[in-house]
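Peer 1: structure, please.
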Amino acid sequence: MSTETIAAIATGMTNSGIGIVRISGEESFPIIDRIYRSKNGTKKISESASHTVHYGYICDGEKVIDEVMVLILKSPNTYTTEDTVEIDCHGGALVLKRVLETVLKYGARPAEPGEFTKRAFLNGRIDLSQAESVIDVINAQNDFALESSIHQLQGTVKEKIRQIRGAILHEIAFIESALDDPEHISIDGYGERLMRQLELLSSQIRELLLSSENGELLKEGINTVIVGKPNVGKSSLMNALTGKDRAIVTEVAGTTRDLLEEQINLNGITLNVTDTAGIHDTEDTVEKIGVEKARASLNRADLVIYVADVSAPLDQDDKRIFDFLKEKKVIVLLNKSDLQQALSEEEICSLTGENNYPVLSVSAKEGDGIKELEQVIRKMFFQGEISYNNEILITNVRQKSALEQALESLDMVRQSVQDQMPEDFYSIDLVNACDALGKITGESAGEDLVNEIFSKFCMGK
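Peer 2: Residues are numbered from 1 along each chain as shown. Have a look, this model is predicted:
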């Protein structure tokens, strides 16, 4: 690992009250000694106690760059476990740039994206699952995603994976020992005992995999597509959900001709909402393109909100649209509930057949029924009220894939036991399961994977 001292701006490059320049590495203290001047001319700042704050100036020779507060953080009790200095200066983009340039001039090099967290990982302060949770905390879109990320940052995934992995390692060690010393270690009846252990471990992995669906939805949001015929109130619903006039609403059918996309937080649920063009037969070239885009967007949808005009009867266009919605989670909204009703819930149910889609009466224009829609979404995706309760949630595809690989390897061990294969066959697949789980925590992660993960981080973190 590189021992060079690195530095970066750790706050956004925009004008603000305070900005932070972070330095980490063995030359952090010599560098700050060269550029820091205290208000009262006391001893070198590097001679101060760890975790103390100092008031003074950053200077380039005799030139004062800025008036600052400097935090001294001595190894190993720091984020990277290295000697670390944080300079709190004024938050203007120009002054931040000048302070960083001074730090670089006197011995540091610019940090790469995520390099501070990468050093924390490589120095053993955090594992790979905790490192990934750092960027999840930064990118959290709702309270539940934030709670899950913080929980993972505290090491819950690491501890669970290490518990499962430790149990597998115990079985590998037993098999190897028994094969090396059969006179003293008996394997009589071992297959039956191993099967019970495999069932327990597989059950724990499956439980983690089940959490990944909720975890991904909480983290990334529910891909939601609003569909229906022209002029049924799709754009009014979009505006009601976002709380602003995001979509143009007129009495003219076919006003929406392209996809409108918006991410909204519906009382703790993140929805990635797409408002589509009305789906119907049309000869208008531009409108026809919009209809095709609407159909294509349905393939990516986690949830489809079908909007029908309660003041108009169903027709062939409605039937064609419902043909596109098979095997999708769908909520039917009978919109314009403030108008005289010409369409009933029973007619919708007769059209949807055995699908039993939830049907709600709403007035998107007046905002009526939106809370009820939220409750149905909660029940549909999160089995009712979303409550975090500190459970472990798998929130990214990489971890999910590693768990699936581990489960597949354990299934192969189980098959070998059932086929009465020699014990050394068990060991091969147990090692593969162990390696797959190690990818989650970083204990079996290659350099390329580590670099790919940290390249997604922001500068200064």
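
Peer 1: what lies in contact with stretch 29-42?
Peer 2: Residues outside stretch 29-42 that contact it (Cβ atoms under 8 Å, 6 or more residues apart in numbering): 5, 23, 44-46, 54-60, 64-65, 68, 70, 72, 83, 85, 87, 102-103, 106-108. For every residue, glycine as well, the C-beta is placed using N, CA and C.

Peer 1: ok, now which ones touch the closest residue to residue 225 other than its chain neighbours?
Peer 2: Ranked by Cβ to Cβ, 6 or more residues apart in numbering and with sequence neighbours excluded, the top spatial neighbour of residue 225 is residue 301, at 4.2 Å. Contact analysis of residue 301 by Cβ under 8 Å, 6+ apart lists 223, 224, 225, 274, 328.

Peer 1: longest strand of the chain, counting residues only.
Peer 2: strand 63-73 (DSSP state E).

Peer 1: paired strands for the helix or strand that that one is followed by, with orientation please.
Peer 2: Next in sequence after strand 63-73, counting helices and strands by DSSP states H and E, comes strand 84-91. Strand pairing for strand 84-91, determined by DSSP bridges: strand 16-24 (antiparallel), strand 63-73 (antiparallel).

Peer 1: what about the nearest residue to residue 377 once chain neighbours are set aside, neighbour count?
Peer 2: Leaving aside its sequence neighbours, residue 377 sits nearest to residue 269 (Cβ to Cβ, 6+ apart; 6.1 Å). A total of 20 residues lie near residue 269 under the criterion other Cβ atoms under 10 Å.

Peer 1: okay, residue 269: pLDDT?
Peer 2: On pLDDT, residue 269 comes in at 74.

Peer 1: ok, back up a step: and the buried ones among the contacts of stretch 29-42, selectable in PyMOL?
Peer 2: Only the buried entries of these go into this PyMOL selection, using 16 or more other Cβ atoms under 10 Å:
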select buried, resi 5+23+45+46+54+56+57+58+65+68+70+72+83+85+87+102+103+106+107+108
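
Peer 1: spatially nearest residue to residue 366 (excluding sequence neighbours)?
Peer 2: Nearest residue to residue 366, sequence neighbours excluded (Cβ to Cβ, 6+ apart): residue 338, at 6.2 Å.

Peer 1: I'd guessed that neighbour sits against residue 363; true?
Peer 2: Yes: between residue 338 and residue 363 there is a contact under Cβ atoms under 8 Å: 4.8 Å.

Peer 1: which one's more surrounded, those two?
Peer 2: Between residue 338 and residue 363, counting by other Cβ under 10 Å, residue 363 is the more crowded of the two (21 against 13).

Peer 1: what sits opposite that one in the beta ladder?
Peer 2: residue 368.

Peer 1: the helix or strand harbouring residue 371: which residues count as buried?
Peer 2: Element membership for residue 371, per DSSP H and E: helix 370-382. Residues of helix 370-382 classed as buried: 370, 373, 374, 376, 377, 378, 380, 381, 382 (neighbour count, 16+ other Cβ under 10 Å).

Peer 1: ok, the fourth one - contacts?
Peer 2: For residue 376, the contacting residues are 331, 358, 360, taking Cβ under 8 Å, 6+ apart as the criterion.

Peer 1: narrow the residues you listed to those in strands?
Peer 2: 331, 360.

Peer 1: hang on, the earlier thing: most tightly surrounded among the strands paired with strand 84-91?
Peer 2: Most buried of the strands paired with strand 84-91, by mean neighbour count (mean count of other Cβ atoms under 10 Å): strand 16-24, with a mean of 21.

Peer 1: and that strand, what's its mean pLDDT?
Peer 2: On average, strand 16-24 scores 92.

Peer 1: repeat that for stretch 100-116.
Peer 2: Stretch 100-116 shows an average pLDDT of 93 in the prediction.

Peer 1: ends of that stretch, what's the gap?
Peer 2: 16 Å (Cα to Cα, to the nearest Å).

Peer 1: same deal with stretch 77-92?
Peer 2: Using Cα to Cα, the end-to-end distance of stretch 77-92 comes out at 30 Å.

Peer 1: one more: stretch 99-113?
Peer 2: First residue to last in stretch 99-113 (Cα to Cα) measures 19 Å.

Peer 1: likewise stretch 322-338?
Peer 2: For stretch 322-338, the separation between the terminal residues is 25 Å (Cα to Cα).

Peer 1: over to stretch 175-191?
Peer 2: Start-to-end span of stretch 175-191 (Cα to Cα) is 11 Å.

Peer 1: what lies in contact with it?
Peer 2: 174, 417, 420, 423, 424, 426, 427, 430.

Peer 1: what ranges do the strands span in the stretch 301-450 of the chain?
Peer 2: Taking DSSP state E, counting those that start in this stretch as the test, the strands found in the stretch 301-450 of the chain are 303-309, 330-335, 359-361.

Peer 1: now do the second one: everything it contacts.
Peer 2: Contacts with strand 330-335, where a contact means Cβ under 8 Å, 6+ apart, come from 232-233, 236-237, 303-310, 343, 345, 348, 352, 355, 357-364, 369, 373, 376-377, 380.

Peer 1: what about the longest helix in this protein?
Peer 2: Ranked by number of residues, the top helix in the chain under DSSP state H is helix 190-220.

Peer 1: quick check: which of the strands paired with strand 84-91 is nearest to residue 440?
Peer 2: Residue 440 sits nearest to strand 16-24 of all the strands paired with strand 84-91, at 25.9 Å, using Cβ to Cβ.

Peer 1: low-confidence bits of the stretch 1-150 of the chain, can you list those?
Peer 2: For the stretch 1-150 of the chain, the stretches with pLDDT under 70 are 1-2, 41-43, 138-149.

Peer 1: show me where it has helices.
Peer 2: Secondary structure of the stretch 1-150 of the chain (DSSP state H, counting those that start in this stretch): helices located at 28-35, 93-105, 115-122, 128-139, 143-153.

Peer 1: which one, of those helices, ends up nearest to residue 409?
Peer 2: By Cβ to Cβ (comparing all of those), the closest turns out to be helix 128-139, at 19.4 Å.

Peer 1: follow-up on the earlier one: distance to residue 320 for the strands paired with strand 84-91 - can I get that in JSON lines?
Peer 2: Shown next, in JSON lines, are those (distance: least, Cβ to Cβ, whole Å):
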{"stretch": "strand 16-24", "distance to residue 320": "53"}
{"stretch": "strand 63-73", "distance to residue 320": "64"}
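
Peer 1: which one, of the ones you listed, ends up nearest to residue 411?
Peer 2: Across the strands paired with strand 84-91, closest to residue 411 is strand 16-24 (Cβ to Cβ), at 44.0 Å.

Peer 1: got a list of contacts for the closest one?
Peer 2: Counting by Cβ under 8 Å, 6+ apart, 5-11, 31-32, 78-80, 82-92, 95-96, 99-100, 103, 108, 111, 116, 119, 460 sit against strand 16-24.

Peer 1: that one to helix 115-122, inter-axis angle?
Peer 2: Angle of strand 16-24 versus helix 115-122, following axes from the mean of the first three to the mean of the last three Cα atoms, to 10 degrees, is 40 degrees.

Peer 1: with just CA atoms, put strand 16-24 into PDB.
Peer 2: Provided in PDB are the C-alpha atoms of strand 16-24 (Å, rounded to 0.1, in the frame of the first residue of the first chain):
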ATOM      1  CA  SER A  16     -20.500  28.000   2.300                       C
ATOM      2  CA  GLY A  17     -19.700  29.000   5.900                       C
ATOM      3  CA  ILE A  18     -17.000  26.400   6.500                       C
ATOM      4  CA  GLY A  19     -14.900  24.200   4.200                       C
ATOM      5  CA  ILE A  20     -12.600  21.300   5.200                       C
ATOM      6  CA  VAL A  21      -9.300  20.200   3.800                       C
ATOM      7  CA  ARG A  22      -8.200  16.800   5.000                       C
ATOM      8  CA  ILE A  23      -4.700  15.400   5.100                       C
ATOM      9  CA  SER A  24      -3.700  11.800   5.900                       C
END
